[in-house]
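**Q** what follows is a predicted protein model with its sequence.
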Amino acid sequence: MSNPLFNQFPPQNNINQIIKEAQNFKNQFKGNPQQEVQRLLNEGIMSQNDFNRLMPIAQQIAAMMPKR
């Protein structure tokens, strides 16, 4: 039987993959991130609820990324 605590968290290699993908996105992104988020909100592509739910996750991922 697996440990339920470990089932709450992704394996370490998944976390590393998430960080790697976030770094790739950051390196390839062109433009102003704040303006892009505002555009997504204004055009209804992303709701305010989506933004409120995703912002803390994005901040956690950003905190794990190596600083340049």
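**A** Now that the structure is in, tell me what you want to look at.
**Q** residues near K26, how many?
**A** K26 has 13 neighbouring residues, counting by other CB atoms under 10 Å. Where C-beta positions appear, they are placed from N, C-alpha and C, glycine not excepted.
**Q** tell me who's in contact with it.
**A** For K26, the contact set (CB atoms under 8 Å, 6 or more residues apart in numbering) comprises M65.
**Q** element containing it, please.
**A** helix 12-28 (DSSP states H and E).
**Q** host element of the spatially most central residue of the chain?
**A** By CA atoms, centre = their mean, the chain has its centre lying nearest to A58, at 3.6 Å. Assigned by DSSP H and E, A58 belongs to helix 48-64.
**Q** buried set for that helix?
**A** Going by neighbour count (16 or more other CB atoms under 10 Å), the buried part of helix 48-64 is I61.
**Q** what about it, average pLDDT?
**A** For helix 48-64, mean pLDDT is 91.
**Q** I18 and I61 touch, don't they?
**A** Yes: using CB atoms under 8 Å, I18 makes contact with I61 at a distance of 6.4 Å.
**Q** sorry, back to before: tell me what angle the helix holding A58 forms with helix 12-28.
**A** 100 degrees (axes from the mean of the first three to the mean of the last three CA atoms, to 10 degrees).
**Q** by contact count, what packs against helix 48-64?
**A** Applying 3 or more CB pairs under 8 Å, 6 or more residues apart in numbering; DSSP states H and E, one finds that helix 48-64 contacts helix 12-28, helix 33-42.
**Q** what is the neighbour count of M46?
**A** 15.
**Q** so who does it touch?
**A** Taking CB under 8 Å, 6+ apart, we find M46 in contact with V37, L40.
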